[in-house]
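Enquirer: Show me the folded form of this:
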Amino acid sequence: QLQLVESGGGLVQPGGSLRLSCAITSFSSDDFAIGWFRQAPGKEREGVSCISSSALSTLYADSVKGRFTISKDNAKNTVYLQMNSLKVEDTANYYCAALLVGYVCYELDDSNFGSWGQGTQVTVSS
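Expert: Numbers count the residues shown, from 1 in each chain. The predicted model follows:
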């Protein structure tokens, strides 16, 4: 069974950086497109980024373009989300999930994803 485990969250000041990791177990990471989503208290879950199974295609939400970078290390079965220039509004619980159908992400719709991890908290505060 596919399992995803997030790590790397923490407390960081505005303008700082964090790198989140999504470890994929039981399957090879190049079998799946992987997405990152986030949910802040009282808000709906929103898509952040996605990377295709081949890692040749990526997708970003407008709110994070130019600041976040998604990447994949298939040798380590891990997907990363490098977050730079963090803002207070980036504070949320971050989740990774696998695209249920297909190998390329065309939209960040969480209904198209499954095998959700438990999440990792990112808090941006001074």
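Enquirer: The spatially closest residue to residue 113 that is not a sequence neighbour: which element?
Expert: Counting by CB to CB, 6 or more residues apart in numbering, the nearest residue to residue 113 once its immediate chain neighbours are dropped is residue 97, at 3.7 Å. In short, each C-beta sits where N, CA and C put it, glycine included. Element membership of residue 97 [criterion: DSSP states H and E] is strand 92-99.
Enquirer: and the residue nearest to residue 113, how many neighbours does it have?
Expert: 25 (other CB atoms under 10 Å).
Enquirer: same deal with residue 124?
Expert: Neighbours around residue 124, by other CB under 10 Å: 20.
Enquirer: For beta bridges, what are the partners of it?
Expert: With DSSP bridges as the criterion, residue 124 is bridged to residue 12.
Enquirer: Report the contact partners of it.
Expert: Counting by CB atoms under 8 Å, 6 or more residues apart in numbering, residue 124 makes contact with 12, 13, 14, 16, 86, 87, 88, 89, 90, 91.
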